[in-house]
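Participant: take this sequence and fold it.
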Amino acid sequence: MKQIVYLFLVLTVIVGVLAMPAQAFNLKIQHNTPPENSAWHKGFLQLEKDLKAQFKDDTNVTIYSAGALAKGNWVTIMEQTQSNIVQMMCESHVPWGSVVPEISAMSTPFLFDGMEHEMRFIDSKPEILQKWMKKFEEKNLVCVGWWPRPSRQNVNSQRKIITPEDIKGMKFRSMGVELAIKTWTAMGAKPVPLPSGEIYTAIQLGTVAGEDNAISTVYNYKTYEPCKYFNVWNYMADGAFILVNKSWWDELKPDVQTAITKSLNGSARDVVYKYYLQTEKEGREKMAEYGIEFTDFTPEMKKPWVDLMYPVYDYIKGLVGGEDSWNEFKKAVDATR
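Facilitator: All right, here's what the predicted structure looks like:
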């Protein structure tokens, strides 16, 4: 009789657990790219699809593109994520380096061979990168995913650039961060920090000779039109970290957390990657038809440029905490080459 009662109680508990409603949650996402040609937007749409399929009506996802709540300012987007106005955002490596300095190492010039190499590095889950990403939690943020992004290249209106001698004295639009400025300076060029919206006009007027960006970005924003020469040298990796509000994240049930990270680093990442492959290919083909002259760099062609980067590498060593941390990071990168 006791066994029957015990069995009845166990079944009652199991039925009760199964009958419990799933955790209902709202997820507001903000990113800083326009929806019509944004890999990030497509990735977040896939996340929404995955969550709706698993949790049905228990989840409500809203996506704000082009920094709609933040007037396009990525710092404001981060602050809104920290304060739980939105719960999720993504941004590329370089800006995140101003929040966690060690993340700047991901943008080390001429370190990664390309987008696929960086994907292998991320998937290997190197211990040192996991340690750096934990530092976001001090800012009430949690890193829950990473998406690939095509490496930065170089386009200009003046002349073909093969050797460091070719770039001396040329002015290039630069991101307004110290790592980018130090990199251009080490190359022998003159960096001119400008907002992205001013690039086209600056090249057109001769204020700068060109810019650095991915093939697809140059094509989408048409900054190739006043240019002629395009270096494909994958000189700087440019993936994106996806972060969420820590307080919100900690309140989610484990199955919801798992569903989010599984989608972001699985099906959503696949959507982002395939979109970039397509747009990089199409962008290059269309720009070649327009008359842009492409130069694909071999490892041998890159070597003189790498040799110029040692002041930049020393700067990054200081950001990551010294020689030992740098060596650990570089060893992990080389292991996935």
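Participant: quick one: neighbours of the residue nearest to residue 150 when sequence neighbours are not counted, just the number.
Facilitator: Computed as CB to CB, 6 or more residues apart in numbering, the closest residue to residue 150 that is not its neighbour in sequence is residue 214, at 3.7 Å. For glycine as for every other residue, the C-beta is placed from the backbone atoms N, C-alpha and C. Close neighbours of residue 214, defined as other CB atoms under 10 Å, add up to 21.
Participant: let me see the confidence value for residue 214.
Facilitator: As predicted, residue 214 sits at a pLDDT of 97.
Participant: that one against residue 154, yeah?
Facilitator: No. Applying CB atoms under 8 Å as the test, residue 214 and residue 154 come out as separate, 10.9 Å apart.
Participant: so residue 27, which of the three states?
Facilitator: strand (DSSP: H, G, I helix; E, B strand; the rest coil).
Participant: name the element the residue nearest to it when sequence neighbours are not counted belongs to?
Facilitator: Distance criterion CB to CB, 6+ apart; nearest residue to residue 27, sequence neighbours excluded, is residue 61 at 4.8 Å. Element membership for residue 61 (DSSP states H and E) is strand 59-64.
Participant: what's that strand packed up against?
Facilitator: strand 25-30, helix 39-55 (3 or more CB pairs under 8 Å, 6 or more residues apart in numbering; DSSP states H and E).
Participant: and the shortest one, which strands flank it?
Facilitator: Applying DSSP bridges, strand 25-30 is found paired with strand 59-64 (parallel), strand 88-92 (parallel).
Participant: distance from the chain centre to it, please.
Facilitator: 20 Å (CA atoms, centre = their mean, to the nearest Å).
Participant: what's the neighbour count on residue 297?
Facilitator: By other CB under 10 Å, the residues close to residue 297 number 18.
Participant: against residue 86, how distant is the residue nearest to residue 27?
Facilitator: Using CB to CB, to the nearest Å, residue 61 is found at 11 Å from residue 86.
Participant: and among the strands paired with strand 25-30, the most buried is which?
Facilitator: Most buried of the strands paired with strand 25-30 by mean neighbour count (mean count of other CB atoms under 10 Å) is strand 88-92; its value is a mean of 24.
Participant: and whichever helix or strand comes after that strand, what's its mean pLDDT?
Facilitator: The helix or strand immediately downstream of strand 88-92 is helix 93-96, counting by DSSP H and E. Averaging pLDDT along helix 93-96 gives 92.
Participant: contacts for helix 93-96?
Facilitator: Outside helix 93-96, the residues that touch it by CB atoms under 8 Å, 6 or more residues apart in numbering are 74, 103-104, 106-107, 175, 177, 179-180, 237-241.
Participant: which of these fall in strands?
Facilitator: Using DSSP state E, the members of the contacts of helix 93-96 that fall in strands are 240-241.
Participant: give me the subset of the contacts of helix 93-96 lying in helices.
Facilitator: Counting by DSSP state H, the contacts of helix 93-96 place 74, 179-180 in helices.
Participant: would CSV of those with distance to residue 299 be doable?
Facilitator: Shown next, in CSV, are the ones in helices among the contacts of helix 93-96 (distance: CB to CB, whole Å):
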residue, distance to residue 299
74, 34
179, 23
180, 23
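Participant: just the buried residues out of those, in ChimeraX syntax.
Facilitator: In ChimeraX syntax, the buried subset of the ones in helices among the contacts of helix 93-96 is picked out as below (16 or more other CB atoms under 10 Å):
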select :74,179,180
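Participant: picking up where we left off before, any chance of the contacts of helix 93-96 in TSV, with distance to residue 23 and pLDDT too?
Facilitator: As requested, those are exported to TSV (distance: CB to CB, whole Å; pLDDT from 0 to 100):
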residue	distance to residue 23	pLDDT
74	30	93
103	31	97
104	36	96
106	33	97
107	37	97
175	40	90
177	39	90
179	40	95
180	42	94
237	36	96
238	35	93
239	30	95
240	27	97
241	25	98
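Participant: which one of the contacts of helix 93-96 is nearest residue 37?
Facilitator: Lowest distance from residue 37 to those (CB to CB) belongs to residue 240, with 15.4 Å.
Participant: was I right about that closest one contacting residue 89?
Facilitator: No. Assessed by CB under 8 Å, residue 240 is found out of contact with residue 89, at 9.8 Å.
Participant: quick one on the thing from earlier: residue contacts, the residue nearest to residue 150?
Facilitator: 149-153, 238, 276, 280.
Participant: out of those, which are buried?
Facilitator: 149-153, 238, 276, 280.
Participant: any idea which element residue 146 lies in?
Facilitator: Going by DSSP H and E, residue 146 is in strand 141-147.
Participant: low-confidence stretches in the chain?
Facilitator: Within the chain, the segments meeting pLDDT under 70 span 1-22.
Participant: thank you, goodbye.
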